[in-house]
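Chemist: Dropping a prediction and its sequence here:
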Amino acid sequence: MYVYDDFDRAFIAERNRQFRAQVARRLDGSLTEEEFRPLRLMNGLYLQLHAYMLRVAVPYGTLNPDQLRALASIADRWDKGYGHVTTRQNVQFNWPRLTDVPDMLDALAEVGLHAIQTSGNTIRNVTADHFAGAAADEIRDPRPYAELIRQWSTDHPEFQFLPRKFKIAVTGSSIDRAVTRAHDIGLRMVLRDGAPGFEVIVGGGLGRTPMIGQVLRDYLPEADLLPYLEAVVGTYNLLGRRDNKYKARIKITVHENGLETVRDLVEARFAEIAPGFDAVATQAHLARIARQFEGPALTPASDLAYQAAYGADPEFRSWADTNLHPHKVAGHAVVTVSLKAHGQTPGDISSDQMRALADLAESYGHGEIRLSHEQNAILPHVRKADLPALHRALRAHGLATANAGLISDIIACPGMDYCALATARSIPIAQQIATRFEALKLEHEVGPLKIKISGCINACGHHHVGHIGILGLDRAGVETYQITLGGDGGADAVLGDRTGPGFSADEIVPAIERIVRAYLGIRLGREETFLATYRRVGIGPFKAALYDQEPRDAA
């Protein structure tokens with residue numbers, strides 16, 4: 001992973017010094033809240049429903065054990081003993097006191113972390129495939145490119161006051177685990193004549209006007225990455241609307257002007273600025289970054305101990321079936337550590353669990369931890385022979401839930417329990433769905449099914465691309481939940497279809513159960529997933545199950 005150099009350390013120290021002085025001026029009344037707001041947002045500090053919230057950047061979701069232990073210490077010392085993993089691969093602390101935030105930022109800086117550009121109308125934390133550098137289906141590790149983008153975009157003088165926030169995601173696999181088509185810019189690695197480059201996707205995004213991104217360039221050589229990104233963001237900075245924040249995202253810019261017009265403007269700008277970029281120096285810098293991302297020296301290993309445990313221990317077998325992903329080196333696995341224990345808040349991790357996970361990463365995972373946009377943690381390099389011992393240790397700390405990709409592995413925003421923008425609760429609904437299907441012992445029978453919940457139309461829970469999406473709204477003072485079906489955030493990303501009228505908080509969990517039971521009744525065997533069944537039969541049978549209509553022929 002990337003390690004701060006002297007420049008990084010000096011830069012972060014100066015930013016923290018400035019913010020400490022700004023906090024002091026806010027506390028003594030020299031700055032009003034209106035004056036202070038843009039300053040705190042530049043440093044990742046929000047004012048939520050009940051308290052401040054500090055959002056810590058975890059670039060492309062990569063952490064080392066010392067960083068995770070530092071997050072645990074911060075949680076204990078200045079918060080309530082836990083952190084929350086977000087869909088941007090960040091960690092949030094929901095209860096800091098303003099007076100403590102400068103000390104929290106200094107503690108983060110000691111381990112190479114910060115909160116810069118986790119808010120505001122700027123380029124946010126760059127996200128990446130959480131299996132990067134390990135997955136068997138990967139073309140190349142995308143994280144060096146994500147780090148290059150992070151360095152280019154941090155404090156970029158032209159892009160600190162964009163029309164609206166701007167999000168970039170990078171994947172090195174054809175299996176898109178970074179939801180690139182729902183980002184302002186998505187970069188999907190491709191090969192042309194053996195040379196790596198990127199398919200550039202632009203104009204994706206969810207929120208009140210959800211859109212799937214469109215291909216701006218089908219192949220961009222890696223040497224052109226930074227000038228092309230500068231051309232895209234620069235074009236948006238000039239063309240994007242500033243008269244209406246709801247129409248300010250680049251997705252609206254592309255929609256209103258047309259993809260071809262945007263492409264022409266970007267290509268013209270690219271031709272103008274590309275000669276000013278030193279491609280040789282940039283490639284040399286990228287090579288230096290890439291060396292810091294060289295993975296552990298793994299060799300094929302025996303998995304006999306794994307096979308023995310798999311055959312003898314049903315609990316271990318259940319966990320292995322859901323929470324392991326193929327590794328590029330034989331005898332190893334990528335491990336998803338679920339932060340979705342049944343009935344718990346999705347994405348929350350206690351300080352004790354952070355420390356335990358840090359220790360286990362050192363013992364079994366070559367000191368690497370990832371945070372995923374699905375609000376889980378990942379150990380990317382684990383010998384299969386070590387998996388039985390790892391599973392026992394995870395179980396002792398409440399981290400061995402066997403549900404990755406299943407019904408209870410729910411993405412949920414903080415909702416009205418924390419967020420000042422929310423119009424309904426998300427967390428209790430997620431908890432109730434998880435415990436209902438755990439009690440019914442159905443989720444392993446159902447198989448892969450992604451449920452995503454948002455507490456308002458800003459769609460921080462990504463409900464538009466959930467196989468089952470749930471949107472909480474306020475209807476005359478009553479929390480009402482709309483359902484969408486058939487969404488997907490993968491390589492063939494698609495927005496879900498709205499089923500019809502919403503359901504009350506008391507009705508939504510039974511409604512989800514009716515959908516799932518309808519699926520079980522019409523699928524073509526256990527191998528046909530919920531999403532495959534939905535694409536085969538359409539929305540009709542599910543609407544019938546929801547609203548007691550006469551079912552249509554599903555054949």
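Modeler: Thanks, I have the structure now.
Chemist: Mind listing what's buried along the longest helix along the chain?
Modeler: The longest helix of the chain (DSSP state H) is helix 6-27. Neighbour-count burial for helix 6-27, counted by 16 or more other C-beta atoms under 10 Å, picks out 8, 11-12, 15-16, 19, 22-23, 26. Heads up, the C-betas are built off the backbone N, CA and C, glycines and all.
Chemist: Kindly report the same for stretch 214-229.
Modeler: 214-217, 220, 222-229.
Chemist: mind giving me a markdown table with those and columns for distance to residue 434 and secondary structure?
Modeler: As requested, the buried residues of stretch 214-229 are exported to a markdown table (distance: C-beta to C-beta, whole Å; DSSP: H, G, I helix; E, B strand; the rest coil):
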| residue | distance to residue 434 | secondary structure |
| --- | --- | --- |
| 214 | 35 | strand |
| 215 | 37 | strand |
| 216 | 39 | strand |
| 217 | 41 | strand |
| 220 | 41 | strand |
| 222 | 42 | helix |
| 223 | 47 | helix |
| 224 | 45 | helix |
| 225 | 40 | helix |
| 226 | 43 | helix |
| 227 | 46 | helix |
| 228 | 42 | helix |
| 229 | 39 | helix |
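Chemist: pretty sure residue 270 contacts residue 231?
Modeler: Yes - taking contacts as C-beta atoms under 8 Å, residue 270 lies within contact range of residue 231: 3.9 Å.
Chemist: how about residue 89, what does it touch?
Modeler: 58, 60-61, 125, 127-128, 130, 370-373 (C-beta atoms under 8 Å, 6 or more residues apart in numbering).
Chemist: Dump those residues into a markdown table; add secondary structure, distance to residue 410 and pLDDT as well.
Modeler: As requested, the contacts of residue 89 are exported to a markdown table (DSSP: H, G, I helix; E, B strand; the rest coil; distance: C-beta to C-beta, whole Å; pLDDT from 0 to 100):
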| residue | secondary structure | distance to residue 410 | pLDDT |
| --- | --- | --- | --- |
| 58 | coil | 21 | 98 |
| 60 | helix | 23 | 97 |
| 61 | helix | 19 | 97 |
| 125 | coil | 22 | 95 |
| 127 | strand | 19 | 98 |
| 128 | strand | 22 | 98 |
| 130 | coil | 17 | 98 |
| 370 | strand | 19 | 98 |
| 371 | strand | 16 | 98 |
| 372 | coil | 13 | 98 |
| 373 | coil | 13 | 97 |
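Chemist: Sort out which one of those lies nearest residue 35 for me.
Modeler: residue 125 (25.5 Å; C-beta to C-beta).
Chemist: Wait, the closest one touches residue 58, no?
Modeler: Yes - contact criterion C-beta under 8 Å: residue 125 and residue 58 qualify, at 7.2 Å.
Chemist: which neighbours do these two share?
Modeler: Common neighbours of residue 125 and residue 58 (C-beta under 8 Å, 6+ apart) are 89-90.
Chemist: in the strand or helix carrying residue 472, what's buried?
Modeler: Following DSSP states H and E, the helix or strand that holds residue 472 is strand 468-475. Buried residues in strand 468-475, counting neighbours by 16+ other C-beta under 10 Å, are found at 468-473.
Chemist: Now the two most distant members of the buried residues of stretch 214-229.
Modeler: Greatest spacing in the buried residues of stretch 214-229, by C-beta to C-beta: 214 and 223 (23.7 Å).
Chemist: re earlier: and of the buried residues of stretch 214-229, the nearest to residue 505?
Modeler: Closest to residue 505, out of all of these and judged by C-beta to C-beta, is residue 214, at 37.0 Å.
Chemist: can I assume that closest one is in contact with residue 259?
Modeler: Yes - assessed by C-beta under 8 Å, residue 214 is found in contact with residue 259 at 5.2 Å.
Chemist: Spell out which residues are contacts of both of the two.
Modeler: 202-203.
Chemist: which helices and strands does the helix or strand containing residue 280 pack with?
Modeler: Assigned by DSSP H and E, residue 280 falls within helix 279-292. In terms of contacts (3 or more C-beta pairs under 8 Å, 6 or more residues apart in numbering; DSSP states H and E), helix 279-292 is packed against helix 143-153.
Chemist: Extract the C-alpha set from the helix it packs on and format it as PDB.
Modeler: Taking C-alpha atoms only, helix 143-153 is exported to PDB below (Å, rounded to 0.1, in the frame of the first residue of the first chain):
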ATOM      1  CA  ARG A 143      -5.000   0.800  -6.700                       C
ATOM      2  CA  PRO A 144      -1.800   2.400  -8.100                       C
ATOM      3  CA  TYR A 145      -3.900   4.200 -10.600                       C
ATOM      4  CA  ALA A 146      -6.400   5.200  -7.800                       C
ATOM      5  CA  GLU A 147      -3.400   6.500  -5.800                       C
ATOM      6  CA  LEU A 148      -2.200   8.500  -8.800                       C
ATOM      7  CA  ILE A 149      -5.700  10.000  -9.100                       C
ATOM      8  CA  ARG A 150      -5.800  10.700  -5.400                       C
ATOM      9  CA  GLN A 151      -2.500  12.600  -5.500                       C
ATOM     10  CA  TRP A 152      -3.500  14.600  -8.600                       C
ATOM     11  CA  SER A 153      -6.900  15.500  -7.200                       C
END
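Chemist: and that helix with helix 279-292, angle?
Modeler: Orientation note: helix 143-153 sits at an angle of 130 degrees relative to helix 279-292 (axes from the mean of the first three to the mean of the last three C-alpha atoms, to 10 degrees).
Chemist: Following element in sequence after helix 143-153, please.
Modeler: strand 168-171.
Chemist: Quickly run through the sheet partners of that next one, with directions.
Modeler: strand 127-128 (parallel), strand 185-192 (parallel) (DSSP bridges).
Chemist: which other residues reach that strand?
Modeler: Residues contacting strand 168-171 (C-beta under 8 Å, 6+ apart): 60, 123-124, 126-129, 132, 142-143, 145-146, 149, 153, 177-180, 183-189, 198, 229.
Chemist: List buried residues within those.
Modeler: 60, 123-124, 126-129, 132, 142-143, 145-146, 149, 153, 177-180, 183-189, 198, 229.
Chemist: I'd like the distance from stretch 330-340 to the chain centre, please.
Modeler: 17 Å (C-alpha atoms, centre = their mean, to the nearest Å).
Chemist: For the host helix or strand of residue 392, give the mean pLDDT please.
Modeler: Using DSSP H and E, residue 392 sits within helix 387-396. Averaging pLDDT along helix 387-396 gives 98.
Chemist: contact partners of that helix?
Modeler: So helix 387-396 is contacted by 305-306, 309, 313, 316, 319-320, 324, 333, 335, 337, 356, 360, 363-364, 379, 382, 400 (C-beta under 8 Å, 6+ apart).
Chemist: 10 Å instead?
Modeler: With contacts defined as C-beta atoms under 10 Å, 6 or more residues apart in numbering, helix 387-396 is touched by 303, 305-306, 308-310, 312-313, 315-316, 319-320, 323-324, 332-333, 335, 337-338, 353, 356-357, 359-360, 363-365, 379, 382-383, 386, 399-402.
Chemist: Among those residues, which are located in helices?
Modeler: Short answer: the contacts of helix 387-396 in helices (DSSP H) are 305-306, 308-310, 312, 315-316, 319-320, 323, 353, 356-357, 359-360, 363-364.
Chemist: Now list the buried members of these.
Modeler: Buried among those by 16+ other C-beta under 10 Å: 305-306, 309-310, 316, 319-320, 323, 353, 356-357, 360, 364.
Chemist: Can you tell me which of those is nearest residue 66?
Modeler: residue 357 (12.5 Å).
Chemist: how close does that closest one get to residue 69?
Modeler: 10 Å (C-beta to C-beta, to the nearest Å).
Chemist: next one: residue 519
Modeler: 43 Å.
Chemist: Residue 311: what's its closest spatial neighbour, skipping adjacent residues?
Modeler: residue 317 (7.6 Å; C-beta to C-beta, 6 or more residues apart in numbering).
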